[in-house]
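Undergrad: One predicted model, sequence on top.
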Amino acid sequence: VQSRRPSPPAAPPDAETLQRRAAADPGVIGFGGGLPADVLFPRAALTAAFVRAVQRPAAAALQYGWPEGLEGLRTQIAERLRRRGAAVAPEEVLVTNGAQQALAIALQILCRAGARVGVDPETYPGALDVFTARGLVAAPLDGDVRALYLMPALSNPRGHGMDDLARARARARRLPIIEDDAYADLRFEGPAGRPLLADDRERVFHVGTFSKTLCPGLRVGYLVPPPRHKARALRWKRSADLQPNTLAQTIVEDFLGHQDFDARIVKLRRYYGRKAARLLEALRRELPRWEIDEPEGGFAVWCYPDEERPELDFLARAVDEGVSFDPGSMFRGNGAVTPLAVRLCHSSVDEARIEEGVRRLARAWRRLAGPGARGPRARPASPGPGRTNAPLRR
Ligand SMILES: Cc1ncc(COP(=O)(O)O)c(C=O)c1O
């Protein structure tokens, strides 16, 4: 006999489910994810670098290597940092599996479970993932913390650099600082400036990557730890995965040796700057009451809609309309969903689809908030204090 019991109602989809659904549908214009533009991957030059790497004498690119990475690549990284004012020697650089691993190593060295780490009110979700995995607590920068996690050159998600005063204040805390430099080369108006590393070799763990300027698929990043922590960092790296990927390192080293990387960076800055301008213009036209934080660089624009609404409802409506975004709670240490905020990435959206994406977003917003709805906002005027002690979501 067949049971006629009704099935329980399906749970509403969470943000990741909605985002995966959106990403799998080519009809959806994806402002989420923070991916570099795939049209800018230098495929021909990477193919040539790959072929040369595989053909190198003694098959070095296919062999095991040392945990710190290839000397040639470390020399190029050190040289690029030296040009920005940081006197770094190649032997002080550790190549890692992306900036993400560099971050994980630095946090492993600095913090025991339960430690509080000072972060911006909105910060990089991948860092929050490491915090969660290690039992660390995201706390306000000015609180009682064990270390600071900062993006002095250019922040994710807001796309701002720290000015001299903010840098001086951070250094005056005399705490270990993890300097995430991932977006440093992507300031619209000029080259990467002086890193914090240049002024403090004792306390700064400098984290960098080729993910944003070359391609993330190779997973080549690096860590410059304070000299006294280098041996520990190396031991950690060896125990985690023996060494960085030799083939990927050889490709990046070869690419840097054969291509004009500085010219490439100028091209990237112009390209992303143009797309950011286009996104800002469309947002001001279609959603004039939203508060928009104009970025100085990077892949994204951070916005506050003009009403408080449940962010998952907004994302679900947006996906129905054929557009997606990153909900603001992803960037908050405690996963707070208010004040309602969204990160819109122009980086991987076709230039010609940006306006249409914003039109869809505006339609979704009107459907949710109503055409003329106004209401009090819970948002403080400034980014506001980071919230602590609540359970971390990501
Ligand atoms: C601020 C920041 N740091 C680090 C990373 C991780 O970079 P990687 O791909 O090198 O691991 C990202 C990637 O989005 C990022 O936005």
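TA: Looks like it came in fine. Numbers count the residues shown, from 1 in each chain.
Undergrad: give me the element the residue nearest to residue 188 when sequence neighbours are not counted is part of.
TA: Spatial nearest neighbour of residue 188, excluding adjacent residues (C-beta to C-beta, 6 or more residues apart in numbering): residue 273 at 3.6 Å. C-betas here are computed from N, CA, C, even on glycine. Using DSSP states H and E, residue 273 falls within helix 261-286.
Undergrad: buried ones in that helix?
TA: Within helix 261-286, the residues scored as buried using 16 or more other C-beta atoms under 10 Å are 261, 264-265, 268-269, 271-273, 275-276, 278-280, 282-283, 286.
Undergrad: give the contact list for residue 67.
TA: Going by C-beta atoms under 8 Å, 6 or more residues apart in numbering, residue 67 touches 94, 234, 237-238, 242-244.
Undergrad: Would you tell me which one of these comes nearest to the ligand?
TA: Using C-beta to the nearest ligand atom, residue 244 is the member of the contacts of residue 67 that lies nearest the ligand, at 11.7 Å.
Undergrad: how about the closest one, what does it touch?
TA: Residues in contact with residue 244, defined by C-beta under 8 Å, 6+ apart, are 65, 67, 69, 95-97, 220, 237.
Undergrad: Mind putting the contacts of residue 67 into JSON lines with pLDDT, secondary structure and distance to residue 181?
TA: Formatted as JSON lines, the contacts of residue 67 follow (pLDDT from 0 to 100; DSSP: H, G, I helix; E, B strand; the rest coil; distance: C-beta to C-beta, whole Å):
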{"residue": "94", "pLDDT": "98", "secondary structure": "strand", "distance to residue 181": "14"}
{"residue": "234", "pLDDT": "98", "secondary structure": "helix", "distance to residue 181": "20"}
{"residue": "237", "pLDDT": "97", "secondary structure": "helix", "distance to residue 181": "19"}
{"residue": "238", "pLDDT": "97", "secondary structure": "helix", "distance to residue 181": "24"}
{"residue": "242", "pLDDT": "97", "secondary structure": "coil", "distance to residue 181": "25"}
{"residue": "243", "pLDDT": "97", "secondary structure": "coil", "distance to residue 181": "23"}
{"residue": "244", "pLDDT": "98", "secondary structure": "coil", "distance to residue 181": "18"}
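Undergrad: closest to residue 359 among those residues?
TA: residue 244 (43.9 Å; C-beta to C-beta).
Undergrad: Just the pLDDT at residue 136, thanks.
TA: Listed pLDDT for residue 136 reads 98.
Undergrad: Over to the one 5 residues further on?
TA: Per-residue confidence for residue 141 comes out at a pLDDT of 95.
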